[in-house]
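>>> Here is my input; please provide its structure:
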Amino acid sequence: MQGERTLSVEQPPRILIVEDTVEFANLVRIALRSLNVDIEHVTQGSAALQAIAASLPDLILLDIALPDMDGWRLLDALRREPLNRQREPLIIVLTGYGDPANRLMGKLQGVHGYLVKPCVPQSIREAVASALQLESDEPSSGNSTR
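Numbers count the residues shown, from 1 in each chain. The predicted structure is shown next:
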């Protein structure tokens, strides 16, 4: 599975948003602004594979419904690639597919989290902060479902 991660003090964690809806990706960026993270956004699975090969992110926020391949195929391709990595990025699925089959697929794929759209920005921020063990400057709602 996914190993321990040591994040550099000098460099903020890197997040790759793989989301074909630019407006939603921008909302995610806004939701994460208090976390001091570097964010890259791509709209297709093939572009995600290229971005990951160029610079491995710490976390991937992954939509399942992408125009060129679904998110599950992207994860399969990512795990097959011999990129000489010492670690795998954490994956949080951020999708409109909340059905049991896709949730099960997430478990089988070993994703760290699974959020169903629409979701409130605070849920996204809390999931990312928890996954990367970060503190947010924003107050918590107290309504956590963890």
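
>>> now stretch 90-102: mean pLDDT?
With pLDDT averaged residue by residue, stretch 90-102 scores 95.

>>> Pull up the distance across that stretch, start to finish.
From its first residue to its last, stretch 90-102 covers 18 Å (Cα to Cα, to the nearest Å).

>>> and that stretch, which residues are buried?
When neighbours are counted by 16 or more other Cβ atoms under 10 Å, the buried residues of stretch 90-102 are found to be 90, 91, 92, 93, 94, 95, 97, 102. From N, CA and C alone the C-beta is placed, and that goes for glycine too.

>>> Next, check those residues against the helices and list the overlap.
With helices defined by DSSP state H, the entries of the buried residues of stretch 90-102 inside them are residue 102.

>>> So which bits of the longest helix seen in the chain are buried?
Among the elements of the chain assigned as helix by DSSP H, the one spanning the most residues is helix 121-132. Using 16+ other Cβ under 10 Å as the test for burial, helix 121-132 gives 122, 123, 124, 125, 126, 127, 128, 129, 131, 132.

>>> what about the first one, distance to residue 79?
Note on residue 122: its distance to residue 79, by Cβ to Cβ, to the nearest Å, is 31 Å.

>>> Closest one of the buried residues of helix 121-132 to residue 21?
Nearest to residue 21 among the buried residues of helix 121-132, counting by Cβ to Cβ, is residue 124 at 14.0 Å.

>>> Pass me the low-pLDDT residue ranges in the chain, would you?
Across the chain, the stretches falling below the confidence threshold (pLDDT under 70) are 1-9, 82-85, 136-146.
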